[in-house]
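> sequence and computational prediction follow.
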Amino acid sequence: MLTGGVAVHTYGFSCIAVRTVMQENLPCEPHAVRYRVSCIMGMSNHNAGTSIRGQLSPQEDTVSALFSPITVKGVDFRNRVVMPPMVTLVADEQGCVTDEQIEHYARRARAGTGLIIVEATCVQKKGRIWERGLGAWSDDHIPGLTRLAKAIKEEGAVASIQLVHGGPQTSVELCGDRPGPSEVDPPRGGPRSRALRVAEMLAIQDSFAAAAVRCAAAGFEMVEIHGAHDFLLDSFLSAATNRRTDEYGGSFEKRMRMMVETCTRASRAIHDKALLCCRFSLFNKEPGEVSPYDLGALVGALEGAGVGLLHASTDGALKGCFGSAKTIGQWIKHTAQVPIVVAGGLGNPADAERAVAGGHTDFAAVGQAMMDDPEWTQHAKAALGG
């Protein structure tokens with residue numbers, strides 16, 4: 001007897017219905033949950049521009065949710081497996097790509113990963129976080145970035161790159177000081193941050209936009225703005241580090257302004273040359289600091305800024321959020337008009353499958369497990385029968 005069944009994501013003009021099928025009393029093993037996919041014409045929803053697609057016969061076929069393809073604003077992903085940005089710190093002293101980095105990312109793409117997001121890449125030389133971290137603050141970086149994007153795409157993955165400014169986590173040794181929204185002690189220790197002037201903030205926004213243009217010119221199909229993990233844009237979002245009393249501080253709507261404006265500038269700069277993504281995190285905020293209403297406001301504002309994919313970094317993708325059983329992904333998907341990536345504790349293929357199949361996310365980001373096992377995607381596909 002067949003039980004279960006989730007609603008289907010039928011996006012844009014390519015319309016496919018997807019239902020979860022599970023045998024009654026079947027043990028909860030990775031192979032137990034599958035999607036039954038069948039072609040249904042003429043169905044669509046508000047997520048225009050996104051589609052689930054596949055090689056389908058007139059008869060119903062069965063595929064893994066994690067390994068089903070998806071298209072987002074014209075960008076085709078062969079599956080929902082994401083390598084999130086994880087620093088390697090093997091760029092050269094000028095922040096340029098090295099052969100070691102190219103092989104690092106190409107190998108994980110070769111294993112079948114759908115989306116590779118290259119590590120946090122600094123948009124300003126004076127916003128660097130690590131020695132030998134990647135940079136995109138100069139046109140001199142474009143040749144190496146071009147080689148990196150090409151290597152990832154040649155292995156069949158979508159090539160993306162994350163852009164960051166260190167803010168309160170900027171390396172004092174490399175940059176001289178630590179700029180941030182306010183003069184406060186950084187959450188991870190070290191010298192106090194220096195409060196940025198509005199003119200400096202606007203210049204940083206321009207640097208994000210210029211770096212995004214360089215990355216799109218280098219061939220990256222997606223650019224991600226890093227708004228998580230206590231770096232500059234996240235430090236504006238946090239009430240603990242943002243004590244400003246101007247239009248960039250105070251209420252949650254004002255604290256998110258720096259992130260939203262940065263995304264707006266980047267979106268306008270790259271236009272349709274690359275998909276824009278924004279990563280954010282709530283788990284590093286004080287309890288009660290962010291409400292479901294605030295989350296909805298942030299999601300809506302980022303979508304309005306031109307973000308076509310949202311990336312939530314969590315301390316547990318399948319954990320309840322806001323005192324409820326609903327996960328952060330489910331809260332986001334309740335209001336989001338665009339697809340989402342969720343990262344956090346999805347190193348077990350069964351959990352990654354469950355996250356996508358259960359409607360917690362559209363893409364599953366696998367970080368440390370993929371760093372430990374470059375062929376994680378290949379092994380997960382074998383385990384899931386995808």
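Thanks, I have the structure now.
> drop to CA atoms for contacts and neighbour counts, all remaining ones
Will do.
> what about the closest residue to residue 280 other than its chain neighbours, how many residues nearby?
Of all residues beyond its chain neighbours, the one nearest residue 280 is residue 228 (4.2 Å), with distances taken as Cα to Cα, 6 or more residues apart in numbering. With neighbours defined by other Cα atoms under 10 Å, the count for residue 228 comes to 23.
> one more: residue 188?
Residue 188 - counted by other Cα under 10 Å - has 9 other residues nearby.
> residue contacts, it?
Neighbour list for residue 188: residue 169 [criterion: Cα atoms under 8 Å, 6 or more residues apart in numbering].
> pLDDT at residue 38, what is it?
pLDDT recorded at residue 38 is 27.
> before we move on, the earlier item: surely the residue nearest to residue 280 touches residue 311?
No: Residue 228 lies out of contact with residue 311 (Cα atoms under 8 Å); the separation is 9.5 Å.
> any residues in contact with both of these two?
Residues touching both residue 228 and residue 311 by Cα under 8 Å, 6+ apart: 279, 280.
> returning to that earlier point: any idea how far the residue nearest to residue 280 lies from residue 194?
In this view, residue 228 and residue 194 are 19 Å apart by Cα to Cα, to the nearest Å.
> next: residue 80.
In terms of Cα to Cα, residue 80 sits 40 Å off from residue 194.
> now residue 69
Taken as Cα to Cα, the span from residue 69 to residue 194 is 45 Å.
> rewinding a little: looking at residue 80 and residue 194, which one has more neighbours?
Legend: neighbour count by other Cα under 10 Å for residue 80 and residue 194, higher for residue 80 (23 against 17).
> so what's the residue nearest to residue 280 up against?
234, 279, 280, 281, 313.
> which ones among those lie within strands?
279, 280, 281, 313 (DSSP state E).
> just checking, the last one touches residue 281?
Yes: taking Cα under 8 Å as the definition, residue 313 is a contact partner of residue 281 at 5.0 Å.
> these two: which is more packed in?
residue 313 (24 against 19).
> any idea how far residue 381 is from that one?
Distance from residue 313 to residue 381, counting by Cα to Cα: 23 Å.
> ok, longest helix in this structure?
helix 198-217 (DSSP state H).
> contacts made by that helix with the rest, please.
The contact list for helix 198-217 (Cα under 8 Å, 6+ apart) reads 123-124, 136-139, 142, 145-146, 161, 163-164, 222-223, 258, 261-262, 265-267, 269-270, 273-274.
> recalculate using a threshold of 7 Å.
Helix 198-217 is contacted from outside by 123-124, 136-137, 139, 142, 223, 262, 265-266, 269-270, 273-274, using Cα atoms under 7 Å, 6 or more residues apart in numbering.
> with stretch 169-176 instead?
Contacts for stretch 169-176 (Cα under 7 Å, 6+ apart): 126, 127, 128, 129, 130, 178, 231.
> show the buried residues in these.
Neighbour counting with 16 or more other Cα atoms under 10 Å marks 126, 127, 128, 129, 130, 178, 231 as buried within the contacts of stretch 169-176.
> now those residues as a markdown table including pLDDT and secondary structure?
Output for the buried ones among the contacts of stretch 169-176, formatted as a markdown table (pLDDT from 0 to 100; DSSP: H, G, I helix; E, B strand; the rest coil):
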| residue | pLDDT | secondary structure |
| --- | --- | --- |
| 126 | 96 | helix |
| 127 | 97 | helix |
| 128 | 97 | coil |
| 129 | 96 | coil |
| 130 | 95 | coil |
| 178 | 94 | coil |
| 231 | 96 | coil |
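> save those as CSV, and put in distance to residue 334 too.
Below are these laid out as CSV (distance: Cα to Cα, whole Å):
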residue, distance to residue 334
126, 39
127, 35
128, 36
129, 35
130, 37
178, 37
231, 27
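> nearest to residue 372 among those?
Closest to residue 372 out of the buried ones among the contacts of stretch 169-176 is residue 130 (21.3 Å), distances taken as Cα to Cα.
> what does the closest one show for phi and psi?
phi -130, psi 150 (degrees, to the nearest 10).
> return the residues in contact with it.
residue 171.
> ok, which stretches of the stretch 151-300 of the chain are helices?
172-175, 198-217, 232-237, 252-255, 257-270, 292-304 (DSSP state H, counting those that start in this stretch).
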